[in-house]
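Visitor: here's a sequence, model it:
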Amino acid sequence: MLACSKDEPGAEPLVLKNAFAGDLELSTGSVTEGVPVDRTISLVFSAALDESTTQSGILLSENDNEVSKTISLSSQGKSALLLVNGTLKDNTLYTISINQNLKSTAGASTTPTTIQFKTLAGALSLISIEIDGETVGNNPRVQDIGVQPTITFNFSTGVSLQSFQKAFRLTGRSVSISSSDENRVVSVTPTTALDYIKKYKITLSEELKSSEGRDFEGYSLEFYTQLNPANKFPQISESELLTKVQEQTFKYFWDFAHPTSGLARERNSSGNTVTIGGSGFGVMAILVGIERGFISRQQGIDRLQTIVNFLKNADRFHGVWPHWMNGNTGKTIPFSATDDGGDLVETAFMIQGLLTVREYLNGSNTQEKAIIDTITELWEEVEWDWYTRGGQNVLYWHWSPNVGWEKNLKIQGWNESLIVYVLAASSPTHPISANVYHEGWARNGNMANGEEYFGTTLPLGYSYGGPLFFSHYSFLGLDPRQLEDQYANYWDQNVAHSKINYAYAVANPKNFVGYNENAWGLTASDNHQGYSAHSPTNDLGVITPTAALSSFPYTPDESMKALKHFYYIMGDMLWGEYGFYDAFNLTESWVASSYLAIDQGPIVLMIENHRTGLLWNLFMKSSEITNGLKKLGFTSY
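Guide: Below you'll find the predicted structure:
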């Protein structure tokens, strides 16, 4: 019977002597007002406490909701210190309940006691903000928000709803407002749907006050709504979609070609300015047009004849064309003050295209034989060795009769110019030695990378690979599938480069709007400020469709996702007369109105190489190219 008694016989009674919040004594008979929120609650008893009974014997609640706490003992176990997770809430009534579960070390119980206190109404502060249930946190660029969002504000104390209505603004929209938890939680919804893919701004001005009239310092947030998820065009098969994109993009080189020369204009606003490199892509696109049935063979042959005859009579500098020329006259249009002569890289892109055409044509046809002979003449007149600048073991990009070698730009790897050295080594009339390739281009192996990015090892080049055109321009005809020398396997190089570029966009470390697994691709293009060679190390928020679409051979699944996204989801913004516009930056609410030959061409050609290998197979049929690759030490091609 003694063992079942409430208290151990002879145990000293357990009595609460004092309660404090910091050094402020708490009353046991009334509510203590104005308790600071950052004070430790301490309870002083007449005897040492049994620590195992403190959690169930001492409770802390807020409006009948138990508050999570920890309790530690001090003063030889006679003082219980209550610590909440974080701080107490402003302007809130708290209750400390001491019940009979609390025991002294001697086993004595205490008389149940209740202590109430109300915290001080501190400054009004915004604890958190949620949009559609997701906490915004410190995200500087909130994006992909639905067009009918619920925006929830959590405050440190209750607010005056009347002042909230005056203080709150959402760009261009009226809103409905509701609240809970004594106006600590305020939810806002726009009365009409927001626009898709648009930047909005939320502001809470200093007009906002707490229920007690305390001030608020103000708050603002910008966010971007999502893209309209509805398809903009009817669904078609993947094969039909690839053909549609090729055909629409081909029109840039066919419908929009210069009427006199047949060459490609630099861009859709260039007038008579035609580009040699982009036109090299264009002559290859004519072959795709013939094979895909976009034009007849005779139409294509007639256009090719116009082009090669024009090129034969246009300005050349030791057989090398300028970057730009007048499409009516063939006269040089300076690309810059020191670039008014031969451009060896642009010329290489043209020769790559012409040699591909030469392999396609039928020598038994009189008209086609004449084109073949003109191409051979143009090819053999390029003085690749002249551009070693007096026999140096490196090729130079530019030479001008007016300024000589003043541009002084060596062609060194890794970049888009491997094709220059392959052609220079393959020339039957003005070849370079293998040493020019190894010392000039490869820099005796110093173009190697070997680092890992996003789990992919990059054999060559810049950190993260540079702009994606590095993996496109030289490989429109030059087949990378089994291309290997002592420096790299070039299929592995291009696949790694493309996958790293894709992974970077998915990771989106700068949090630009619109980057994801369906929208990726950084390369040189127009942008909202002008033009730049975009890459992971030069990321301005600009995605360029040619980057992902011209990577189809290397990343077929990722490129198909991008194609479907650009066409079906963004087609109302991106799809135009000559296919996809050059670039877009959703962070800046900018979409290009431009088309560029050097961006349009690789889309047509690399999709075709992905589908049939047409251009790779033609270019690699050239025995001159085979000899050049062998000369440079390529072991597989």
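
Visitor: neighbours of residue 623, just the number please.
Guide: Using other C-beta atoms under 10 Å, residue 623 has 9 neighbouring residues. Heads up, the C-betas are built off the backbone N, CA and C, glycines and all.

Visitor: now swap in residue 131 and tell me
Guide: Using other C-beta under 10 Å, residue 131 has 18 neighbouring residues.

Visitor: look up how far residue 197 lies from it.
Guide: Between residue 131 and residue 197 the computed distance is 16 Å (C-beta to C-beta, to the nearest Å).

Visitor: over to residue 51?
Guide: With C-beta to C-beta as the criterion, residue 51 and residue 197 are 59 Å apart.

Visitor: ok, residue 256 next?
Guide: As defined by C-beta to C-beta, residue 256 lies at a distance of 29 Å from residue 197.

Visitor: now residue 532
Guide: Distance, residue 532 to residue 197, by C-beta to C-beta: 23 Å.

Visitor: what lies in contact with stretch 505-520?
Guide: With contact meaning C-beta atoms under 8 Å, 6 or more residues apart in numbering, stretch 505-520 is reached by 139-141, 143, 197, 224, 227, 454, 501-502, 504, 521-522, 539, 541, 543, 547-548, 558, 561-562, 564-566, 569-570, 584-587.

Visitor: start to end distance for it?
Guide: Across stretch 505-520, the terminal residues are separated by 5 Å (C-alpha to C-alpha, to the nearest Å).

Visitor: confidence score at the residue most central in space within the chain?
Guide: Nearest to the geometric centre of the chain sits residue 505, at 3.4 Å (C-alpha atoms, centre = their mean). Looking at residue 505, its pLDDT reads 98.

Visitor: same check, this time on residue 91
Guide: pLDDT for residue 91: 77.

Visitor: can you pull out the helices in the stretch 501-637 of the chain?
Guide: For the stretch 501-637 of the chain, the helices defined by DSSP state H, counting those that start in this stretch occupy 545-549, 556-564, 571-574, 597-611, 614-619, 623-632.

Visitor: what is the neighbour count of residue 438?
Guide: Residue 438 has 19 nearby residues by other C-beta under 10 Å.

Visitor: how close does the nearest residue to it once chain neighbours are set aside get to residue 631?
Guide: Counting by C-beta to C-beta, 6 or more residues apart in numbering, residue 438 lies nearest to residue 444, which is 6.2 Å off, once chain neighbours are set aside. Distance, residue 444 to residue 631, using C-beta to C-beta: 17 Å.

Visitor: looking at those two, which is more packed in?
Guide: residue 631 (16 against 9).

Visitor: count of neighbours near the closest residue to the more buried one other than its chain neighbours?
Guide: The shortest distance from residue 631 to any non-neighbouring residue, by C-beta to C-beta, 6+ apart, is to residue 425 (5.1 Å). Here the count is done by other C-beta under 10 Å, and residue 425 has 25 residues near it.

Visitor: tell me who's in contact with residue 425.
Guide: By C-beta under 8 Å, 6+ apart, the residues touching residue 425 are 431, 432, 434, 436, 437, 628, 629, 631, 632.

Visitor: per-residue pLDDT of it, please?
Guide: Here the pLDDT value assigned to residue 425 is 98.

Visitor: now do residue 39
Guide: Note on residue 39: pLDDT of 83.

Visitor: buried set for stretch 553-572?
Guide: 553-555, 558-571 (16 or more other C-beta atoms under 10 Å).

Visitor: ok, now which ones touch residue 103?
Guide: Counting by C-beta under 8 Å, 6+ apart, residue 103 makes contact with 14, 49, 50, 53, 57, 109.

Visitor: just to revisit the earlier point, so residue 51 and residue 197 - more neighbours on which side?
Guide: Between residue 51 and residue 197, counting by other C-beta under 10 Å, residue 197 is the more crowded of the two (18 against 14).
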